[in-house]
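Trainee: Build me a model:
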Amino acid sequence: MISIKKTGVAGAGAMGAGIAQVFAQANFEVVVFDVHPAQLEKAKAEIENNLAIAVSKSKISETDKQGALSKITFTTDVNFLTGDLIIEAIVEKLEPKQDLFQKLASINSSETILATNTSSIPVTRIAKGISNPARVIGMHFFNPAHLMKLVEVISGEETSKEVAETIKQLSITIGKTPIMCNDSPGFIVNRVARHYYVESLKALEEKVACTETIDALMESAGFKMGPFKLMDHVGNDINFAVTSSLYESFHQEAKFRPSRIQQQKVDAGHLGKKTGKGFYDYK
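Mentor: Now for the predicted structure:
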């Protein structure tokens, strides 16, 4: 087992902020990096709000809240992103992830575990060209990261068993439920769940039913959230990027074809709750 004390998170979006909060609440030091100062401020406010809600529900004490906040440092300087474990949670595109991992490898120890929160891109591709690729692994959290228990632990072609076991046990330590899987586009959850979105979008394209009806039907069937509400919650840009990634990874297999309707939403900036408008209006 590899000792993990100091952690880092690259990317201060919703996932990055949630991951940082999880580690801070588990008493780990966390450095959160983002190139945009405004995004760091937003992440800080989001974490403080999440912790305040937990206090109001008597899930944690005010002392716990302040203790967690004291564990987190925010920075726009990637050179401060050093530690025993660095988790990448940036845009869902291969090249930016590879570039970031090259930088992280150059400023960290050769033994530092480099984990990616990618939801669809094969870990082996991200690890390509990295020194000591045995320490590169997938650690995929689910949104919202501070609440959802599941974490996919994905071993790339060269990921060592020691690193995989370390991340598995670490996931348990921070209160998550790890599932171990091998490298494949979409891994388990997104590969299976992708059609919840894709087929719903096809039904909408073919005018089988409207978004409200499809959501109502799926919720009545037992799903906690209909597909269009869920896409708005996750972010249409993120959801579309994951579908596009799987489509390319499976060599344009028709069943993974991205939706033109969702692409129009992304092009128009209608990303969902975070922009105030998506398939529904939140203003």
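
Trainee: is it true that residue 180 touches residue 161?
Mentor: No: counting by CB atoms under 8 Å, no contact exists between residue 180 and residue 161, whose distance comes to 10.5 Å. For every residue, glycine as well, the C-beta is placed using N, CA and C.

Trainee: the more surrounded of those two?
Mentor: Set side by side, residue 180 and residue 161 show more neighbours around residue 180, with 14 against 9, by other CB atoms under 10 Å.

Trainee: Checking my notes, that one in a helix, right?
Mentor: No: inclusion of residue 180 in a helix is not indicated when DSSP: H, G, I helix; E, B strand; the rest coil is applied; the result is strand.

Trainee: Neighbours of the residue lying closest to it once chain neighbours are set aside, how many?
Mentor: Distance criterion CB to CB, 6 or more residues apart in numbering; nearest residue to residue 180, sequence neighbours excluded, is residue 153 at 5.2 Å. Burial of residue 153 is recorded as 25 neighbouring residues (other CB under 10 Å).

Trainee: Bridge partners for residue 153, pull those for me.
Mentor: Partner residues in beta bridges with residue 153, using DSSP bridges, are residue 139, residue 180.

Trainee: what sits against it?
Mentor: Taking CB atoms under 8 Å, 6 or more residues apart in numbering as the definition of contact, the neighbours of residue 153 are 137-140, 164, 167-168, 171, 178-181.

Trainee: show me where the stretch 1-150 of the chain has helices.
Mentor: Chain-ordered helices for the stretch 1-150 of the chain, with DSSP state H, counting those that start in this stretch as the definition, fall at 14-25, 37-56, 62-70, 94-107, 123-127.

Trainee: relative to helix 62-70, how tilted is the first one?
Mentor: Compare the direction of helix 14-25 with that of helix 62-70 by axes from the mean of the first three to the mean of the last three CA atoms, to 10 degrees and you get 120 degrees.

Trainee: if I read this right, residue 13 contacts residue 88, doesn't it?
Mentor: No: between residue 13 and residue 88 there is no contact under CB under 8 Å: 11.5 Å.

Trainee: Comparing these two, which shows the higher neighbour count?
Mentor: The neighbour count for residue 13 versus residue 88, taken as other CB under 10 Å, is higher for residue 88 (25 against 20).

Trainee: what about the worst-scoring helix or strand of the chain on mean pLDDT, distance to the chain center?
Mentor: Among the secondary structure pieces of the chain, namely its helices and strands, helix 236-249 has the lowest mean (mean pLDDT, DSSP states H and E), a mean of 93. Counting by CA atoms, centre = their mean, to the nearest Å, helix 236-249 is centred 13 Å from the centre of its parent chain.
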